[in-house]
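Undergrad: Build me a model:
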Amino acid sequence: MIELRHRLIEQKLIAGNGEFTTLIIKNPCFLRKFITELKDQIEHDEGDFFYLRDGNQASLKKDAFLISDPLFWPRDEKKEQASLVKEITSLLDESGKVEFESLRRNIVDYVRSLSAYASVSLEMDEEFALSSLLKTVGLKPAGNDSSFLEGLISSVSAVGHLFQKKLAIIFGVHGFLELDELGTFHREMERKDISIVLLEAFRPDCLAACEHIIEIDRDLCEI
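TA: This is a model prediction of the structure:
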């Protein structure tokens, strides 16, 4: 169970155990302030948010990531690639290491044969690491462009897994998902052990059965 609170909001934003919270902030100034402060605390681990995981105080910087534009979410592909390569190389078993050594020798032999096409002498690093090869071939998490929902699930899952994040905070996703799609997204995130908290500027027309609503009106009254 995850609990997130801001010092100016009395109620807790809860995620886990089959439910999630959508915080609706109708006051534009407070909405901007809330998202900006949240972004800063995720980056620097200091601010007005109180974050608990399983009843213990935890770090937003370590656990959370913010998606302020779910349609055009700028992901850090270089960091994702580096994390994926690190994961693969650290988990490689003896069989995998033997196969790589065989492949490396074949690559070295092939590159040496290219000297027949060069007008100068060639040299190379014959002891290159698996990580270098994976980066050279552009290994990265696979995308899924068949639908917005599948792409969102794939992207959030990849970031959550590669960077060991436990909480995705997303602004405006109600505007891009049908109600059944929102339910599917929530179930997939729970299956991958990623909690979600949603932020909205307006109250959605339809709400999921597992969705808890907190509303801040334009006069900053909490409902």
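Undergrad: ok, then the element right after the helix or strand encompassing residue 32?
TA: Taking DSSP states H and E as the definition, residue 32 sits inside helix 28-44. Later in the chain than helix 28-44, the nearest helix or strand by DSSP H and E is strand 49-53.
Undergrad: residues in contact with that following strand?
TA: With contact meaning CB atoms under 8 Å, 6 or more residues apart in numbering, strand 49-53 is reached by 1-7, 37-38, 41, 57-60, 63-64, 166. C-beta: built from backbone N, CA, C; applies to glycine.
Undergrad: hmm, 10 Å instead?
TA: 1-7, 9, 12-16, 34, 37-38, 40-42, 45, 57-64, 166-167, 195 (CB atoms under 10 Å, 6 or more residues apart in numbering).
Undergrad: Kindly export it (C-alpha atoms) in CSV.
TA: Taking C-alpha atoms only, strand 49-53 is exported to CSV below (Å, rounded to 0.1, in the frame of the first residue of the first chain):
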residue,chain,number,x,y,z
PHE,A,49,5.0,15.8,0.1
PHE,A,50,4.8,12.9,2.6
TYR,A,51,5.2,9.5,1.1
LEU,A,52,4.7,6.1,2.8
ARG,A,53,5.1,2.6,1.4
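Undergrad: in it, what counts as buried?
TA: By 16 or more other CB atoms under 10 Å, the buried positions in strand 49-53 come out as 49, 51, 53.
Undergrad: next one: stretch 195-212
TA: Of the residues in stretch 195-212, 195, 196, 197, 198, 199, 200, 204, 208, 211, 212 count as buried by neighbour count, 16+ other CB under 10 Å.
Undergrad: so for the helix holding residue 32, what's the average pLDDT?
TA: Helix 28-44 shows a mean pLDDT of 97.
Undergrad: now it, how far from the chain's geometric center?
TA: With CA atoms, centre = their mean, to the nearest Å as the basis, helix 28-44 stands 18 Å off its chain's centre.
Undergrad: Sweet, I'm off.
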